[in-house]
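Asks: Just to be clear, the model below is a prediction. Sequence and coordinates:
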Amino acid sequence: MTGSARTRGTDAGLSVATVPSMSTPSASTPSPSTPSASGSSAPGSELLIRLLNTPSVVVHDIDDEGRLLVGYDATGTSQLYEIEIDPTSNGVGAWRQLTAHDGPVRGRYLPQSRIVVAEHDTGGNERAQLSLIDLGRDDDGPPPPQPFVHDANWIHRLAAVQPGRVLYFTNRRNGVDFDLVVRDVQSGEERVLYDGGGYTLEAEASPDGSWVVLTRPNAPANSMQLLLVSTDDGRVEELTGWDDDAYISTPSWLPDSSGFLVSTNGGREMTAVVHYDLATRQWRDVVVDEAHDLIGWASPDGEHVLVATNDDGATPMAIHRLRDGARVCTLDLPAGGCAAFLMPNPVWSRSGNSVALTYCSPTSPPYALRCNASTGVVTSVRPPEFPALPQDLARPTSYRVPAHDGERIPVFVYRPPEGGDGSAVLIIHGGPESQSMRLWSPVLASLVAQGHTVVVPNVRGSTGYGKRWYGLDDRRRRLDSVADLASIHDWLPSIGVDPSRVALYGGSYGGYMVLAGLAFQPERWAAGVDIVGIASLVTFLENTSSYRRRHREREYGSLEHDRDFLHEASPLTHVDAIRAPLFVIHGANDPRVPLSEAEQIVTALRSRGVPCELRVYEDEGHGLARRANRLDAYPAALEFLATHLKASKK
């Protein structure tokens, strides 16, 4: 950690360890920063610091000449870099840093130009702003960004780019709904394309500029509505119904603007890649797998579609012909990792002859791959002087754990060498409509090195295992997912775990699950680590950002109609039952789960004499985006778990 913790008084009269803002240093050449955590002596901490200092690369875009726009966290947060093309070195040339913002930045190339559109916020507050970066300037160091859409009171999310114009979502009209706006880069002229309400998520404009297809959440939980907007007269056509129980994502147009592809589970259990024809207003299946979720992206030349398969948390990928869905080639990706679903979307080159994507696995941090669309051959794109990685990082084994009601819960188990010391940590994903996948996790790897068996479940409500499974926790079935934790605990002795030495670890909704497990099953859990978690479903919905309240009530239930159940399902309501020690991490600027959620559970536990530590980071939002803060928080959490899961604990 660089800097020191200080104590801050809160409105609740709570003294907490608070880490001050830490500025991100600039760097003209890629070289990972190496701050170290102080006072970390638990087994696995040395490995954790090493892995946290290992840089990662994520792909954002590829330009007309084949250059890559990537996010690279050498400076401690993910900044934009451009990678030139050099045929003499496997296609990978010089790296150029484009941004030196104090927080993470993502971006896209503006087609037919040397301009990058960058999206960034301040301190994790998620009020995204847009800037332009002119790559034609001959500057020393990162080129200066020029404000493009800036108003710190509102959110401006980058939606899509086309030659000479940028499409973005903004909630500046009423703070709740997100309108779609197109802005001309040269003149600054703007036009609202859609203001029909909702938390709009994805938008893609047709190549001829006549249409925009966009998605917005509709009535059922974890479902989306597909809208077609005419840019000529603003007419909005609902291509799917408001009450349809269908998830829809990744719209991509054909080059002649005759139609587009989407990934959807409308009318089926698993997500498939389908085509919509504008002339006939008809759908047809392109690629379907009755046993797996698929995601697809049409190539810019209209000949192919890149398809990712969700295979129990790994994502093999293949190129298919668009006209008949026939497989052309399988991408030569390393086995057992991910390149889609929870990663940034892959991007096609303008010519359609290659694909750039991000890949990671439990044994490899995220890095870029360039893939030949004809052969499936891939080329790795790693930063210069990439550090060597340990060769003995754990890989998962899949199980299906019997639940209390006969369901079977998918779990990954990571085992220490020689079986570990008998303790275990359950790591629970956020969402809840999300999925634990086979991803890079320094914390998980270090917990295994510490001697714990790490169990990563996809409890009911998780995606990736069909529409029925992710709907089993909606609204008043919320506590059924908490009951899955008890079922997993009952199963742990069958893999050699001491049931008295098991902890819960999770962030966001996973943090709610940690607190709910401790409150509703206090006899089962020895400790908990809660990161930006929900203590009360009632106060969470009351205090979350207004634009998120309406969106989240579809999943959790509404304050108007379900307050009684939300109160009963809240860990804070049952705080008297919690007896396990708790470690809490939260960002001061979190717009999703307010800091007050952490403060109230810690206050309640401390007043009852339950050991509890709270670490608040002043320059973070919903999670820890800065390496310096991770190096402070995660080794401390690791040491906390080592202390409370000792073999002598009864």
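Replies: Thanks, I have it.
Asks: Check the gap between L158 and V192 for me.
Replies: Distance, L158 to V192, by Cβ to Cβ, to the nearest Å: 16 Å. Yep, even glycine has a C-beta here, placed from its N, CA and C like the rest.
Asks: ah, wrong one, I meant Q435
Replies: 35 Å.
Asks: So these two - more neighbours on which side?
Replies: Q435 (20 against 12; other Cβ atoms under 10 Å).
Asks: residues contacting the nearest residue to that one once chain neighbours are set aside?
Replies: Among residues not flanking Q435 along the chain, G464 sits closest, at 4.1 Å (Cβ to Cβ, 6 or more residues apart in numbering). With contacts defined as Cβ atoms under 8 Å, 6 or more residues apart in numbering, G464 is in contact with 293, 310, 312-313, 341, 435, 437, 458.
Asks: 7 Å - rerun?
Replies: 293, 310, 313, 435, 458 (Cβ atoms under 7 Å, 6 or more residues apart in numbering).
Asks: Domain parsing of the protein, as residue ranges.
Replies: Per the record, the chain has its domains at 247-387, 410-644, by automatic domain parsing.
Asks: end to end, how far does the first one reach?
Replies: Same thing as domain 247-387. Taking Cα to Cα, to the nearest Å, domain 247-387 runs 40 Å from one end to the other.
Asks: Equivalent analysis for stretch 48-57, please.
Replies: End residues of stretch 48-57 are separated by 19 Å (Cα to Cα).
Asks: Contacts for it, please.
Replies: 32, 34, 36-37, 70, 72-74, 365-368, 381-383, 387, 389, 442-443, 445-446, 627, 630-631, 634-635, 638.
Asks: Which of these fall within strands?
Replies: Among the contacts of stretch 48-57, the ones falling in strands (DSSP state E) are 70, 72, 365-368, 381.
Asks: which one of those residues sits closest to A569?
Replies: Checking the ones in strands among the contacts of stretch 48-57 against A569 by Cβ to Cβ gives P366 as the nearest, at 35.1 Å.
Asks: For that closest one, which residues are in contact?
Replies: So P366 contacts 56-58, 358, 360, 440 (Cβ under 7 Å, 6+ apart).
Asks: between these, which is closest to D151?
Replies: For the contacts of P366, the nearest to D151 is V58 (27.2 Å; Cβ to Cβ).
Asks: give me the element the closest one is part of.
Replies: strand 57-62 (DSSP states H and E).
Asks: and what of F565?
Replies: helix 559-568.
Asks: Please point out which parts of that helix sit buried.
Replies: Neighbour counts using 16 or more other Cβ atoms under 10 Å place 562, 565-566 of helix 559-568 among the buried residues.
Asks: List the strands paired with the very next helix or strand once past it, with their directions.
Replies: Following helix 559-568 in sequence order, the next helix or strand is strand 582-587 (DSSP H and E). Note on strand 582-587: by DSSP bridges, its sheet partners are strand 527-531 (parallel), strand 612-617 (parallel).
Asks: mean confidence score for the helix or strand that strand 582-587 is followed by?
Replies: Later in the chain than strand 582-587, the nearest helix or strand by DSSP H and E is helix 595-607. In this model, helix 595-607 has an average pLDDT of 98.
Asks: ok so, going back, could you flag which of the contacts of P366 are buried?
Replies: Buried, going by 16+ other Cβ under 10 Å: 56-58, 358, 360, 440, out of the contacts of P366.
Asks: mind checking the end-to-end distance for stretch 445-463?
Replies: OK, stretch 445-463 end separation, Cα to Cα: 24 Å.
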